[in-house]
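Visitor: Quick check, what structure comes out for this input:
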Amino acid sequence: MTEVTIYTDGGASPNPGLGGWAAVLLSPAHGARREIFGAEAETTNNRMELTAAIQALQALKRPCQVDLHTDSTYLRNAFEQGWLARWKKNGWRTAQKTPVLNRDLWETLWELTQTHRVRWHWVKGHAEDDLNNRCDALVRRAREEFPAGNRGD
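Guide: Numbering: from 1, shown residues only. Okay, the predicted model is just below:
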């Protein structure tokens, strides 16, 4: 399996409001780097974080071993702490018996993680991580360019 490192970020301002998502994909074996980003008119921070991961995984042409880095504990913890598996088991209900927010995106992301082997890594946002900072800059760019271009490459 090809090994790929992905950094993602997403945000909306105000929240909810104009949102942007971004990902940097690195394939050391191929010496390749790809940046993708986009925006949505009326969305939330969490939806953009999920969209960034979805778009990045969908960009992969074959099943890969992925190290995915995110500054979203919501995204990482859903997998690492088993929230997503419990939500699915409970008919997409939370522990409080309320409907899971962003179910459409979670279902898509779940399917993608059945294709790719994903290891989740949390990184501190707006700190010293150059690739996380690059994603943040691309999120801002996506929002600034909206609606002129909804997807960068």
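Visitor: Next, the distance between the ends of stretch 8-25.
Guide: 9 Å (CA to CA, to the nearest Å).
Visitor: can you give me how far that stretch is from the chain middle?
Guide: How far stretch 8-25 lies from its chain's middle: 9 Å, per CA atoms, centre = their mean, to the nearest Å.
Visitor: in it, what's buried?
Guide: 8-12, 18-25 (16 or more other CB atoms under 10 Å). Using the backbone N, CA and C atoms, a C-beta is placed for each residue, glycine as well.
Visitor: want to throw those residues into CSV with secondary structure?
Guide: What follows is the buried residues of stretch 8-25, written out as CSV (DSSP: H, G, I helix; E, B strand; the rest coil):
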residue, secondary structure
T8, strand
D9, strand
G10, strand
G11, strand
A12, strand
L18, strand
G19, strand
G20, strand
W21, strand
A22, strand
A23, strand
V24, strand
L25, strand
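Visitor: Now stretch 132-148: average pLDDT?
Guide: Across stretch 132-148, pLDDT averages out at 91.
Visitor: What values do phi and psi take at the spatially most central residue of the chain?
Guide: In the chain, the centroid-proximal residue (CA atoms, centre = their mean) is A53; its distance is 2.4 Å. Phi and psi for A53, reported as degrees, to the nearest 10, are phi -70, psi -40.
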